[in-house]
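Asker: Okay, sequence plus prediction incoming.
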Amino acid sequence: MPPNKAAADAAHSAPDLEIVGDQVILHPSGFTGGPEPQDHGITERNLVHHMGRFRENPFDFLREVSLFVSGSGWRAYDDVIGQPIFYSGFTDRMKSLILSNPLLRNKIRELAKARLEVEARDGLLNAKLETFEKAKLKRKNEIEGNLNEVVDTMLDNMICKMESKRFIRSAYYMCTQLLTRAYHQGIHVSSEEVLRLRSVAAEAAKKKQSIVFLPCHKSHVDYVSLQLISYRLGIGLPVVVAGDNLNIPLLGPFLQHAGAMWIRRSFGNDPLYHTVVQTYIDVLLQQGFNFECFIEGGRSRTGKLLPPKFGILSFIVDSVLSGRVQDTIICPVSTQYDKVVETESYISELLGQPKRKESLADLISSSSVLSLKLGRVDVRFHEPWSLKEFLGQQITRLSLTPSKNISVRMTLEEKGRVLRTLGYRVLSEINDVSVIMPTALVGTVLLTLRGRGVGKTELIRRLEWLSERVIAKGGRVAHFYRAPTEQVVDRALEVMGPKLVGQINGLAEPTYYAVDRFQLSFYRNMTIHLFITEALVSAAMYTRVKQGGGPANQRITYDALRKQTSFLSQLFRGEFIFPPEGLTTNLENTLRGLEKDDVLKVTRDASGAPTFIELSEAERQCGRENYDFYCFLIWPFIEAAWLGAVSLMGLTPPLDEPKDVWLDSKKAQDGAQLLGKTLYHQGDLSYFEAVNKETLKNSYQRFEEEGIILVAKNKEIRSQVTMRLAPEWTPERDPKTGKLLPRGRLWDFTELIAQSRREGKNRRDGATVSSRVLFMSDTVGRRLYQTAAIPQPTDAAADVGFSSPKVRRKAIETGSKL
């Protein structure tokens, strides 16, 4: 605690981690739970809490403003850990370093030479023989000059312009004011993690190394939160990679001066732009500036982590592999929210509404200015690690010989494996440090219970059970500060609001029900990664459990369980992040865990190997509530995969259509979504969230990887992606009536998914794809052929290539033409 009263008064309205130079002082003002450690000994601090408002307390408000204007203490942002930023001339210095970089200079000369050769070949130089060489030299200089002008424009639109400390102090104050109006309970961090981060940053600064922050991405608030934390900790603000769709009037320049690096959403076939981005990243990492990009690329609309995107990650890896950058530090970051401000717009997009173009008015109207009181933000930092050491391990694993130019020797396939390993390691570590918020716990409980609603007593009991299961699985639950669970539930319900969770009064006890199950699924998906193996095993068991008839009839052999679990794991390998130990080990560990929790009974032979698996007697006595919980987690995704497979049935060419017609891929997925909405309202689909555009897209991606569908991309019209069923997967039609016949590989594949579907009241899974469902799928498919059919690509058309080696091989084997 500061020793004098003036410092104590100043600290009263300041965040609780005061950092002056190398000293870190912990203040109790922002800490709502007392000084003792919480879960697993982690001490938590509210780093940025509510700031003064003029109408409520003019004196505090004016005092805070004066402290920021004068740059008092940590607000001055002077003794920053890292390389110098926010000084006049910073932008010009960065542009000079980029423009003089050998990588960029060589690319400009290469492109100029290539252009000159074309002009010379086409006779465009207009020079006599004796002056031809002079004309070439003059033209070469002209081309290089034009390319330099293009690069200068690219850089001016791209690079961050961290020029003014006065600006960044004002930006911090304004953003904190706005954010704490929306997230009124502040930004919470682990004191241990941020102190460790400062230590790592100090060591990296000595070596002139960058920290590359790789956060998950759920909201636009993500990068604001990390910038505020970095400012408050006295760490150099990272340069943040951002799509230029956010580079809109007023907001764009503001973000660019606060650290945003604008890049195009698609680079296309522009080698110069590609090199400019690589060079800029090289320079940032060579100079030791901190860097931030989102491992998932775009924001997750579903609440769970998305598969990694390798674009910017590939640039970073190339910088180190090539030796242009000695090393850089990787720091995975998890950002979790009580409530995400954009969820309503996410739901509209997932249901097929076109994404609205970003605008400042929309951003402000949907965020903190409205004082939404969305609870709090929890940010957690994984222990940072060396990228160079990681790449060294991968080089050894691939049996490559390290050298200065190792990237030249690495094939595209090998580099892809390295990037994939890196991406999924980061995602796994984000999950490891993620905090499960009270809203996620309540949303999960509400969506994993049978019946219309749940009483408050039962809601509290199940939330306590779920919290225990999260901790037992190695997860973290947001600190309750030892408050009674009832208060935690009340707080979560208040944040979620009546549009998400309804309450029925006038009963024996308050009863709650899910109003918007689709939107609630966003919060449930924040917990599913912890229980994904239990969910898959339970869904595999459901193939027997749903048959009823007593315990003996519901037993499943280990071989049958393993086979169905393997199938589901493969089906969802692009949807979820699985433990890295492999199927057999994961299955054995999961069975042991469920057996220990008295959910399952495992019968083993003399050697200890499992032979039969069934529900335990205790689980039957409690009405299968724990087993059902795991099933309810995965059923919506199984339903979506089944819907995707059913929609493929309708892509069978009608009898009067050519067999080799290609369909617009986006319209085919839109058709699947239309089919899903129809089946849901007709009672053949249990979960409306199964029509989720992102989940259906993932299903189609998986079908492509399996060679069920062939996908071709037009290199001239990049937005044109076409698809059709692979011949060996195409269902048969009745030659007389033209109706789809329920047989063949695709039918069997669909049935295999259906075995683990939740059995609904209006159907029985013995006739999974009933004639009614087949008819509806065929109806949607026929409309697609009428409106979205594209002639088969010919040799005279634009270059069209299949999108993966496996699919390309399938095309060759089946005689498909490129």
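Answerer: It's in.
Asker: care to break the chain down by domain?
Answerer: Domain assignment for the chain by automatic domain parsing gives 38-82+162-238+290-433, 435-524, 529-623, 635-813.
Asker: among the ones you listed, which is nearest residue 258?
Answerer: For residue 258, the closest of the domains of the chain is domain 38-82+162-238+290-433, at 5.2 Å, according to C-beta to C-beta. For the C-beta atoms, the positions are set from N, CA and C on the backbone; glycine is no exception.
Asker: And stretch 551-563, end to end?
Answerer: 21 Å (C-alpha to C-alpha, to the nearest Å).
Asker: residues making contact with that stretch?
Answerer: 537, 540-541, 543-545, 547-548, 583-584, 587, 609-615, 620 (C-beta atoms under 8 Å, 6 or more residues apart in numbering).
Asker: In it, which residues are buried?
Answerer: 554-556, 558, 560-562 (16 or more other C-beta atoms under 10 Å).
Asker: Stretch 69-84 now?
Answerer: Neighbour counts over stretch 69-84 (16+ other C-beta under 10 Å) mark 73-77, 80-83 as buried.
Asker: Please apply the same query to stretch 444-461.
Answerer: 444-449, 453-454, 456, 458-460.
Asker: Centre-most residue in the protein?
Answerer: Geometric centre of the chain, nearest residue: residue 306, 3.4 Å, by C-alpha atoms, centre = their mean.
Asker: How about that one: what's its closest non-neighbour residue?
Answerer: Spatial nearest neighbour of residue 306, chain neighbours left out: residue 296 (4.1 Å); criterion: C-beta to C-beta, 6 or more residues apart in numbering.
Asker: On the three-state scheme, the one you found is what?
Answerer: What DSSP: H, G, I helix; E, B strand; the rest coil gives for residue 296 is coil.
Asker: Which strands and helices lie in contact with the helix ranked longest in the chain?
Answerer: Longest helix of the chain, by residue count under DSSP state H: helix 132-158. Helix 132-158 sits against helix 90-99, helix 102-121, strand 260-263, helix 271-287, with contacts defined as 3 or more C-beta pairs under 8 Å, 6 or more residues apart in numbering; DSSP states H and E.
Asker: least reliable of those going by mean pLDDT?
Answerer: Mean pLDDT across the helices and strands packed on helix 132-158 is lowest at helix 102-121; the value there is a mean of 90.
Asker: and that helix, what does it pack onto?
Answerer: Against helix 102-121 (3+ C-beta pairs under 8 Å, 6+ apart) you get helix 132-158, helix 271-287.
Asker: Packed most tightly, which of the ones you listed would that be?
Answerer: Of all the helices and strands packed on helix 102-121, helix 271-287 has the most neighbours on average by mean count of other C-beta atoms under 10 Å, namely a mean of 21.
Asker: now that helix, how far from the centre of its chain.
Answerer: Distance, stretch centre to chain centre, for helix 271-287: 24 Å (C-alpha atoms, centre = their mean, to the nearest Å).
Asker: After it, which helix or strand is next? Please name it.
Answerer: Later in the chain than helix 271-287, the nearest helix or strand by DSSP states H and E is strand 291-292.
Asker: Can you point out the buried residues in whichever helix or strand comes after that following strand?
Answerer: Going down the chain from strand 291-292, the next helix or strand is helix 311-321, by DSSP H and E. For helix 311-321, the neighbour count (16+ other C-beta under 10 Å) marks 312-321 as buried.
Asker: Can you lay out these as a markdown table showing pLDDT and distance to residue 734?
Answerer: Output for those, formatted as a markdown table (pLDDT from 0 to 100; distance: C-beta to C-beta, whole Å):
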| residue | pLDDT | distance to residue 734 |
| --- | --- | --- |
| 312 | 94 | 52 |
| 313 | 95 | 50 |
| 314 | 95 | 50 |
| 315 | 96 | 54 |
| 316 | 96 | 56 |
| 317 | 95 | 54 |
| 318 | 94 | 55 |
| 319 | 95 | 60 |
| 320 | 94 | 60 |
| 321 | 91 | 57 |
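Asker: Would you point out the most distant pair within the residues you listed?
Answerer: Between any two of the buried residues of helix 311-321 (C-beta to C-beta), the greatest distance is 14.8 Å, for 312 and 321.
Asker: any weak-confidence spans in the stretch 401-550 of the chain?
Answerer: Residue ranges of the stretch 401-550 of the chain with pLDDT under 70: 401-409, 480-482.
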